[in-house]
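Participant: Got a sequence here, can you build the structure:
(6 chains)
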6 protein chains.
Amino acid sequence: MTRQRFVGHKPITARRCVAVGRLHLRASTVQAIRRGAVAKGDPIAAGEIAGLLALKRTNELIPHCHIVPLSGSSVTVSIAGPRSLSAKVEVQAIGPTGVEMEALVGATVALLTAWDMVKYLEKDARGLYPETRLGPVEVQVKEKRPRKPK
Amino acid sequence: MTRQRFVGHKPITARRCVAVGRLHLRASTVQAIRRGAVAKGDPIAAGEIAGLLALKRTNELIPHCHIVPLSGSSVTVSIAGPRSLSAKVEVQAIGPTGVEMEALVGATVALLTAWDMVKYLEKDARGLYPETRLGPVEVQVKEKRPRKPK
Amino acid sequence: MTRQRFVGHKPITARRCVAVGRLHLRASTVQAIRRGAVAKGDPIAAGEIAGLLALKRTNELIPHCHIVPLSGSSVTVSIAGPRSLSAKVEVQAIGPTGVEMEALVGATVALLTAWDMVKYLEKDARGLYPETRLGPVEVQVKEKRPRKPK
Amino acid sequence: MTRQRFVGHKPITARRCVAVGRLHLRASTVQAIRRGAVAKGDPIAAGEIAGLLALKRTNELIPHCHIVPLSGSSVTVSIAGPRSLSAKVEVQAIGPTGVEMEALVGATVALLTAWDMVKYLEKDARGLYPETRLGPVEVQVKEKRPRKPK
Amino acid sequence: MTRQRFVGHKPITARRCVAVGRLHLRASTVQAIRRGAVAKGDPIAAGEIAGLLALKRTNELIPHCHIVPLSGSSVTVSIAGPRSLSAKVEVQAIGPTGVEMEALVGATVALLTAWDMVKYLEKDARGLYPETRLGPVEVQVKEKRPRKPK
Amino acid sequence: MTRQRFVGHKPITARRCVAVGRLHLRASTVQAIRRGAVAKGDPIAAGEIAGLLALKRTNELIPHCHIVPLSGSSVTVSIAGPRSLSAKVEVQAIGPTGVEMEALVGATVALLTAWDMVKYLEKDARGLYPETRLGPVEVQVKEKRPRKPK
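Facilitator: Okay, here's the model as predicted:
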């Protein structure tokens, strides 16, 4: 038997989760992003929109995740250092289940979107990406507090 | 940073929205629809079903829209004049956010579905559609009223 | 006019539904499943995961179904006899609408997934499946009980 | 390891598949469909559109199915007798893989859509559906013929 | 019967289509977009990404559209005048069917995304949008030329 | 302007890509996986199926990715050491574009699915996951070779 957790008996609480992730790139690629010189457009703006859309589809991707009407989310992609981008995704919901998978899906898709846009700058002579890697992606904050329904 | 609005603090109200849209066609195409003579079937019935399905996926299409468990919706496609179809979409929900985007997506997809089915009747010699155009699509009604949860 | 039922006025109740379905196969195929000898992997495990994912998308497939944040679901695929697999899907939700379509979609997709994985064992010389058939798929249990929101 | 079949080496052929399915209903429900007296609209028209849309998403539902650009499909839902509806789905494609799962998904979703629309007519006093059942759903025709690419 | 056109016999040609659309807004909203002063971010960047994603899902939204592996697409949203945004979407594919619906879906979703982000600036005292309307959305260019497959 | 690359002029080649990823877990969690003692079922089987489904939807998640009819894919999740799972995803296609994003999406979703299933074993007293992290996820192999169409 394969089952989602049955959560009908669980209390409704206000949930908040923040996930963070990192994408390692070449220094020259990070400079191209900073200068707005990436051929397909701005990987930061595109990654943020793609992450925002993807996190709402978490239940379609991850089998045991519930359909959760979120009460809000934000996705921030930024240059985190000379050789990396970071994504920070905050998700909130009022319900019986946590929202860490939503935050992790958002962070991951945001960074993969950026990778896709800069991969032509990361390729070596064989077409491989020796310096590109995703991770670590982690949960940084998770909170819940009791809440009376309105 | 890209963010959906955080609405966890907003009151739960009963929402209702009606969007309307128009598709301009050739008079001969509207007559074919009226006579049931469109090769791929009835654009009115197909448009209504397609609009009903599409509006439930608004949050997958429009980045800042929330997942909203709607409490009901209706899609009506009709012949609006000798040269046009209209779509009228009503959406209701009980929650913290409005549902105008759902109504607009439903109206738009309903009319694009009809366009797709009659495009072979709208083509000129170059394969273009000089008389076919979608719009205006507008919000006609928007209401909310306080509601105690059951 | 095509409409989903408007359910904003309906009471919020705890819903539970169980659907069951059957897939008829060759005896030799059922033996292959039992021995773990299916080339693409275990149809039981794959069917359960695919059913669990599919039932959450019921509203995208069935036009008049509402988006329902389920409170849990389980999918069990098993060998039901020398010539058949069965799927049993339980779905629970707290809301104004029933969840029988979710259970039926889950059972159906679970069994079609299994069919797909064993179809190479079911083919006759013409490439047809004379012994493979899906059904009956039925609702076995449906319950609702009043529930105060938390 | 879980794998889709690798089909890069397989010849490109023209494929055609027909699946058929049955939905058993009360005689009074079939009469209501015939009279156009179903409250949510025509289950035949809605089932056909829903089946046509669903079969294009087969690869999203069935794990081992490939993304297949179909060269056409048709869905026919009809009254098959005093107590049943039938669905017949034909799918064609030019490629290395068969399209039977597409046809089966189309037939199944078409009939579940009809079930959903008439379930209020099929309910007994306990809210159950003692006479409603889906199946058998089967592959009726499967053909392939060699084809030179254009 | 509901059917997609069967196109297996049609020649493979290189297709190109451009659709254009317009969104009417308040002059003050257009100025806010120009100044980068929209609270949820840049409607132009978000609309372009959302349009690019949506046009690839045309076959999931429009029943009679085929799954088309596009050979490329571009979405341009711009300020078109003191009171309007425009979207211009170009889609190319090599195959047996046209891609006008893809271009129209892209243009429409791009503009609805922008509408969603600025709707707080368009609201009147009753919460309505007296000046906001989508349309016209039209096909501007459609070309096909014979092509030998590689 | 936001654009997918236009690839209509690019040669059709046989593409193959392998991505690999790592999920760091507690030693006790890895032991629970090994013993088949995870409450929601086997994270390895579930991750493989979820990854296989997700990689086919890459173009819906990553804005600039094309719809690619893959010629095959495989997802392998395994215990990689006392404190980690690994995912290895191979994707093949015959077409004008690479398939590295498909492989990366498959590896990422496979591992996030496993994380979701074991998160109850990874939580500390505050509900956080101090030892759980995804990454690195990388492209390991990428090949293309000229291919005459069949």
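Participant: who's in contact with the residue nearest the centre of chain A?
Facilitator: In chain A, the C-alpha nearest the mean C-alpha coordinate belongs to A:Ala107, at 1.2 Å (C-alpha atoms, centre = their mean). The neighbours of A:Ala107, taking C-beta atoms under 8 Å, 6 or more residues apart in numbering or on different chains as the test, are A:19-21, A:51, A:75, A:87-89, A:137. Quick note: C-beta positions are derived from backbone N, CA and C, even for glycine.
Participant: Closest to chain D out of those?
Facilitator: Checking the contacts of A:Ala107 against chain D with C-beta to the nearest C-beta, the nearest one is A:Gly51 at 20.5 Å.
Participant: Direction-wise, compare the helix or strand hosting that closest one with helix E:43-55 and give the angle.
Facilitator: A:Gly51 is part of helix A:43-55 when elements are defined by DSSP states H and E. Here helix A:43-55 runs at an angle of 50 degrees relative to helix E:43-55 (axes from the mean of the first three to the mean of the last three C-alpha atoms, to 10 degrees).
Participant: what about helix A:43-55, distance to the chain center?
Facilitator: Centroid separation for helix A:43-55 versus its chain: 8 Å, with C-alpha atoms, centre = their mean, to the nearest Å.
Participant: which strands and helices sit next to the helix or strand that comes right after it?
Facilitator: Next helix or strand after helix A:43-55 toward the C-terminus (DSSP H and E): helix A:58-61. On a contact count with 3 or more C-beta pairs under 8 Å, 6 or more residues apart in numbering or on different chains; DSSP states H and E, helix A:58-61 meets helix A:100-122, helix F:43-55, helix F:100-122.
Participant: per-residue pLDDT, A:Val7?
Facilitator: Among the per-residue scores, A:Val7 holds a pLDDT of 86.
Participant: actually A:His66, not the one I wrote
Facilitator: What the model reports as pLDDT for A:His66 is 94.
Participant: Neighbours of it, how many?
Facilitator: For A:His66, the count of nearby residues is 23 (other C-beta atoms under 10 Å in any protein chain shown).
Participant: Might you report the residue contacts of it?
Facilitator: Going by C-beta under 8 Å, 6+ apart, A:His66 touches A:4-5, A:7, A:59, A:97, C:69-72.
Participant: Would you quantify the distance from it to F:Thr108?
Facilitator: Distance, A:His66 to F:Thr108, by C-beta to C-beta, to the nearest Å: 20 Å.
Participant: With adjacent residues omitted, what lies nearest to A:Gly36?
Facilitator: Spatial nearest neighbour of A:Gly36, excluding adjacent residues (C-beta to C-beta, 6 or more residues apart in numbering or on different chains): A:Asp42 at 6.5 Å.
Participant: which ones are touching the one you found?
Facilitator: Shown in contact with A:Asp42 (C-beta under 8 Å, 6+ apart): A:33, A:36, E:45.
Participant: Could you report the pLDDT at the first one?
Facilitator: It stands for A:Ile33. Note for A:Ile33: predicted pLDDT of 98.
Participant: The second one too?
Facilitator: The model reports A:Gly36 with a pLDDT of 96.
Participant: Please apply the same query to the last one.
Facilitator: Each residue has a pLDDT score; the one for E:Ala45 is 96.
Participant: so who does A:Ile49 touch?
Facilitator: With C-beta under 8 Å, 6+ apart, A:Ile49 has these contacts: B:2, B:63, E:45-46, E:49-50, F:63.
Participant: separation between the residue nearest to the centre of chain A and E:Asp42?
Facilitator: 21 Å.
Participant: was I right about A:Arg34 contacting A:Ser78?
Facilitator: No. With contact defined as C-beta atoms under 8 Å, A:Arg34 does not reach A:Ser78; the gap is 10.7 Å.
Participant: What count of nearby residues applies to the residue lying closest to A:Val105 once chain neighbours are set aside?
Facilitator: Among residues not flanking A:Val105 along the chain, A:Thr58 sits closest, at 4.6 Å (C-beta to C-beta, 6+ apart). Residues lying near A:Thr58 (other C-beta under 10 Å) number 25.
Participant: Just list the residues touching A:Thr58, thanks.
Facilitator: By C-beta under 8 Å, 6+ apart, the contact list for A:Thr58 reads A:65, A:68, A:101-102, A:105.
Participant: let's go with 7 Å and repeat that
Facilitator: A:65, A:101-102, A:105 (C-beta atoms under 7 Å, 6 or more residues apart in numbering or on different chains).
Participant: Name the residues of chain A found near chain F, please.
Facilitator: Proximity of chain A to chain F (C-beta under 7 Å from any C-beta of the partner chain) is limited to residues A:2-3, A:40-41, A:46, A:50, A:54, A:61-65, A:100-101, A:104-105, A:108-109, A:112-113, A:116-117, A:119, A:127-129, A:133-139, A:142.
Participant: before we move on, back to that, need the helices and strands packed on helix A:58-61 in CSV with distance to B:Thr13, can you?
Facilitator: Compiled in CSV, the helices and strands packed on helix A:58-61 are given as follows (distance: least, C-beta to C-beta, whole Å):
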stretch, distance to B:Thr13
helix A:100-122, 25
helix F:43-55, 36
helix F:100-122, 33
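Participant: Select, out of those, the one closest to F:Ala27.
Facilitator: Judged by C-beta to C-beta, the one of those that comes nearest to F:Ala27 is helix F:100-122, at 10.8 Å.
Participant: Tell me the buried residues in that closest one?
Facilitator: Going by neighbour count (16 or more other C-beta atoms under 10 Å in any protein chain shown), the buried part of helix F:100-122 is F:100-119, F:121-122.
Participant: measure the residue in chain A positioned nearest to chain D to B:Thr108 for me?
Facilitator: Relative to chain D, the nearest point of chain A is A:Glu60 (8.3 Å; C-beta to the nearest C-beta). Computed with C-beta to C-beta, the distance linking A:Glu60 and B:Thr108 is 23 Å.
Participant: ok, and for the strand ranked longest in chain A, which residues are buried?
Facilitator: Longest strand of chain A, by residue count under DSSP state E: strand A:133-146. Neighbour-count burial for strand A:133-146, counted by 16+ other C-beta under 10 Å, picks out A:133-140, A:142, A:144.
Participant: Cool, thanks, talk later.
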